[in-house]
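[1] Let's see this in three dimensions:
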Amino acid sequence: MSDPDLSSPETAVLLSVGGVPVLLHGIVPFSSVDFGPAYDVFRTTGDPQVIVELAWVDHLELPSDLPEPVFQSECLWQLHRVGTHWVFVLSLLEPPFTPYRIATFDDDFTRGSIVSTRKGRLPTIPERLPNPLEYPLGEALTIGLLGTGRGLMVHALGVERDGRGVLFCGHSGQGKSTLAGLFSGRARILNDDRIIVRLRDGIPWIHGTPWHGDCSAVSAGGAPLSGLYFIEHDRVDRVFGVRPAVASAMLLARSFPPIWSRRGMDFSLGFIERIVQAVPCARLGFTPTPAVLDLLP
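    Residues are numbered from 1 along each chain as shown. The predicted structure follows:
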């Protein structure tokens, strides 16, 4: 892998997701890449902690000696272990199921490469190259990186009010985007679907990501976590407590740990335990009206 040429800012961009600066660099101007508007919010300056080399080619061929996958996410992607490296393979969902993106990263996900076909998986803006971090790769790589001791991605709405972060964890359809709409104009929305939790000086913080749900409002910022709710639609607005042991299980079920890595899972389980011990946890049943916000501190 070549060293990045930082003398040409047109072909290098630094993104901060979850407070981790990631340098993407290649040989094409980034103005020709269809990243989408969400990523503009996450551009930053400074020194990178992760370096990723990008390339686009006409066709991709899998190595003939690629071992069996150690993990497969339905038909979206598969993960291989090759020596000390992780290799992600993403293939088209229709015949002939050809690969359109391959990502190769070192053991701690701090240095790697992403090679994509010029057509990619989805139609892009004419004359633009496909986003190398489009779903599901950007999220999968972030999960792997966080699992090396940096934090955890959770299925949640995260908001910041008066300098305090609040997390509303829920499966799809349980009301994350609905709550985001109720908070509009009353709080800063970090993300309505994917939130990163990390520790800063031993204190849990939540951070926004580019990968949102129905609510397109995202923020690269973060806030110290002051409360965690497990949400569900209900006939009335109500809050009731959750014991830490139950909260741990509920948070795990609404998280994205690196289940392909024993080391990553051990860290994630311990991290979840720290979060539920450090932050008040409760269940929140709500109706889709602003009145539910009056229940929250």
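[2] where does the stretch 151-297 of the chain dip in pLDDT?
    For the stretch 151-297 of the chain, not a single residue meets the criterion pLDDT under 70.
[3] quick check: longest strand of this structure.
    Using DSSP state E, we find that the single longest strand of the chain is strand 222-233.
[4] Residues touching the next helix or strand along the chain from that one, excluding its own?
    Using DSSP states H and E, the helix or strand that follows strand 222-233 towards the C-terminus is strand 238-241. Residues lying outside strand 238-241 but in contact with it, judged by CB atoms under 8 Å, 6 or more residues apart in numbering, are 229, 281-286, 295-296. From N, CA and C alone the C-beta is placed, and that goes for glycine too.
[5] for stretch 251-268, same thing?
    The list of residues contacting stretch 251-268 from outside it, by CB under 8 Å, 6+ apart, reads 70-71, 79, 139, 143-144, 146-149, 152-156, 169-171, 194, 228, 230, 269, 272, 275-276, 281.
[6] let's see it at 6 Å
    Counting by CB atoms under 6 Å, 6 or more residues apart in numbering, stretch 251-268 makes contact with 70-71, 79, 143-144, 147, 149, 152-155, 169, 272, all of which sit outside it.
[7] got the end-to-end distance for it?
    The straight-line separation of the ends of stretch 251-268 (CA to CA, to the nearest Å) is 11 Å.
[8] Quick check: buried residues in it?
    Judged by neighbour count (16 or more other CB atoms under 10 Å), stretch 251-268 contains these buried residues: 251-252, 254-258, 260-261, 264, 267-268.
[9] Now list the buried members of the contacts of strand 238-241.
    Applying 16+ other CB under 10 Å to these, the neighbour count classes 229, 281-286, 296 as buried.
[10] Now the two most distant members of those.
    Using CB to CB, the buried ones among the contacts of strand 238-241 reach their maximum pairwise distance at Cys281 and Phe286, which is 16.1 Å.
[11] quick revisit: how far away from the center of its chain is the longest strand of the chain?
    On the basis of CA atoms, centre = their mean, to the nearest Å, strand 222-233 is displaced by 17 Å from the centre of the chain it belongs to.
[12] partners of that strand in the sheet?
    For strand 222-233, the paired strands and their directions (DSSP bridges) are strand 164-169 (parallel), strand 203-207 (antiparallel), strand 281-286 (parallel).
[13] Dump these into CSV; add distance to Thr117 as well.
    Output for the strands paired with strand 222-233, formatted as CSV (distance: least, CB to CB, whole Å):
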stretch, distance to Thr117
strand 164-169, 36
strand 203-207, 31
strand 281-286, 44
